[in-house]
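Participant: Structure for this input, please:
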Amino acid sequence: MNPNSPNQEAIKKIQQLIKDIDIAMLTTVSEEGLVSRPMKTQDVEFDSNLWFLTKKDTSKFHELLQNQQVNVAYAGKSFVSIRGEAELVDNTEKIKEFWSPAYEKILETTFEDPNLVLIKVNAESAEFWDAGNKFKMASFLFRRLLGKNTEGTDLNQIVEFH
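Facilitator: Take a look at the predicted model:
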């Protein structure tokens, strides 16, 4: 992404908001409807892409083969919801790059397992609520209690990436 892009500031803000949240909820579309599951975000700076590791013999893998639209939600001191399109990346070198010894225990395999695959989420838009900023939160709640417009409090922002 172009470092002079108007979205660069928003990308940095999202990086800051999600950096200490290890687990995200990845929502996929199944035949029955929406399904959310906890996923460990890979330790990579957010650049409008997110990375997750999974196996090919899972329902989420098969759901992504049918419908690539996903949502990724983070909840912690702040809240971030990222909508995008998932891409399945079958690349042993890239998997090795993200691999940690904890995965051997969790997934009961090694990074060379041909059943492993990466999910790359190409963010299309993001919405975030900066609840960690006490002043912004107080201003937002005060304006809301008075029935005033909460625009301009910058507590909640929506960013389009494409």
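
Participant: the strands in the chain, which residues?
Facilitator: Assigned strands in the chain, in chain order: 23-29, 34-40, 49-55, 69-75, 79-89, 116-129, 156-160 (criterion: DSSP state E).

Participant: need the ones you listed in CSV with distance to residue 7, can you?
Facilitator: Just so you know, the C-beta spots here come from the backbone N, C-alpha and C atoms, and that holds for glycine as well. Rendered in CSV, the data for the strands of the chain read as follows (distance: least, C-beta to C-beta, whole Å):
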stretch, distance to residue 7
strand 23-29, 20
strand 34-40, 24
strand 49-55, 13
strand 69-75, 17
strand 79-89, 13
strand 116-129, 9
strand 156-160, 6
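
Participant: what's the closest of those to residue 62?
Facilitator: Of all the strands of the chain, the one in closest proximity to residue 62, counting by C-beta to C-beta, is strand 23-29 (9.5 Å).

Participant: That closest one - what's its average pLDDT?
Facilitator: For strand 23-29, the per-residue pLDDT values average out at 97.

Participant: try stretch 104-116
Facilitator: 91.

Participant: list the buried ones in that stretch?
Facilitator: Within stretch 104-116, the residues that qualify as buried are 107, 111, 113, 116, counting by 16 or more other C-beta atoms under 10 Å.

Participant: ok, which pair from those is furthest apart?
Facilitator: Between all members of the buried residues of stretch 104-116, the longest pairwise span (C-beta to C-beta) is found for 107 and 111 and amounts to 9.5 Å.

Participant: Any idea how many residues pack against residue 32?
Facilitator: Using other C-beta atoms under 10 Å, residue 32 has 6 other residues around it.

Participant: From what I see, residue 57 and residue 114 are in contact.
Facilitator: No - counting by C-beta atoms under 8 Å, residue 114 is not a contact partner of residue 57; they are 10.9 Å apart.

Participant: Residue 148: neighbour count?
Facilitator: The number of residues packed near residue 148 is 11, by other C-beta under 10 Å.

Participant: Then residue 68?
Facilitator: Taking other C-beta under 10 Å as the criterion, the count of residues near residue 68 is 17.

Participant: Out of the helices and strands in this structure, which is least certain?
Facilitator: Within the chain, no helix or strand scores below helix 134-145, which has a mean of 66 by mean pLDDT, DSSP states H and E.

Participant: quick revisit: keep only those of the buried residues of stretch 104-116 that are in helices.
Facilitator: Counting by DSSP state H, the buried residues of stretch 104-116 place residue 107 in helices.

Participant: Compile the buried residues of stretch 104-116 into JSON lines and extend it with columns for distance to residue 23.
Facilitator: Formatted as JSON lines, the buried residues of stretch 104-116 follow (distance: C-beta to C-beta, whole Å):
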{"residue": "107", "distance to residue 23": "15"}
{"residue": "111", "distance to residue 23": "21"}
{"residue": "113", "distance to residue 23": "22"}
{"residue": "116", "distance to residue 23": "19"}
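
Participant: I appreciate the help and will end here.
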